[in-house]
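> With the sequence up front, the predicted model follows.
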Amino acid sequence: MLNNIKKSLVLLSALAMTISLVAIEDAYKAGKDSQKAADLQETEKRLDDQIRQVSERLQALYTLRDIAPKVKLTPTQTVFATGKDEDGEYIELQAYTFNSQSFNYAKPVGTAVKTMRLYFSGKNLSRIKTIVDDQNFYEQYKYYTKASHPNPVQGNPNELLLQTSFNKPTEIAEKTPDYKVKLADIENDPTNPNRLKFKRDYYIENLIYFEKLFRFTFEFQKRGASNGDVETINRLKKSLRY
């Protein structure tokens, strides 16, 4: 009787293992089949359309450029500025935080700054630049990464140019990056869909994040002006007492 029970347990264990292996193999095949090249192309096309849509909303913020000299209020831990470089004049927002020691989070030892620059030709958005400057004085590292996106509303997002540098001053990192690649040249196949991941997991979220910051900045200026109007009216109303 005991031998029969042991045989049954061994048989059940073997059967369970066989089922598990089959299930794993089927899941693996399903995963591979769901990432055919045609599917990747269709997914990427939808992502490209979404990038253009968000870029179009950013384009509508040319009005913020027009009031740039009057901008005084921005969201928390952001800085608004204007400037000019080799690609023309721009408005930018910097969002910053502080890097802390790994064993003492209360002690800041560096900064992490991400910046978005919007370049306009008239009312058209001609370029978007995203810059990430991450440095830690204690651990002695500095990463400078930039994504430059030409003609974001009408063009192909694959024209976007990526570059990164390690432990170089910003001026040198700008001119002689350690790594430079066009998004179109980044691998994007069923095994390594890196270009798709860049668009889906980072770039669209980055555009939406900064769109909110730029919109908040614009609304804050309107609110500030409105507060001034309200204060003036209230002062005049109070004068009726005498």
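Received the coordinates, thanks.

> got the contact list for Asn158?
Asp48, Lys182, Leu183, Ala184, Arg195 (C-beta atoms under 8 Å, 6 or more residues apart in numbering). Bear in mind the C-beta positions are built from the backbone N, C-alpha and C, glycine included.

> Just send those back as a markdown table, with neighbour count, distance to Pro157 and pLDDT too.
As requested, the contacts of Asn158 are exported to a markdown table (neighbours: other C-beta atoms under 10 Å; distance: C-beta to C-beta, whole Å; pLDDT from 0 to 100):
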| residue | neighbour count | distance to Pro157 | pLDDT |
| --- | --- | --- | --- |
| Asp48 | 15 | 5 | 96 |
| Lys182 | 11 | 11 | 97 |
| Leu183 | 20 | 7 | 97 |
| Ala184 | 13 | 9 | 96 |
| Arg195 | 21 | 9 | 94 |
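
> now, which of those residues sits nearest Asp87?
Lowest distance from Asp87 to these (C-beta to C-beta) belongs to Lys182, with 16.2 Å.

> so who does the closest one touch?
By C-beta under 8 Å, 6+ apart, the neighbours of Lys182 are Asn158, Glu159, Leu160, Leu161, Leu162.

> helix/strand/coil for the last one?
At Leu162, secondary structure determined by DSSP: H, G, I helix; E, B strand; the rest coil is strand.

> contacting residues for it?
Under the criterion of C-beta under 8 Å, 6+ apart, the neighbours of Leu162 are Thr145, Lys146, Ala147, Tyr179, Lys180, Val181, Lys182, Leu183, Ile186.
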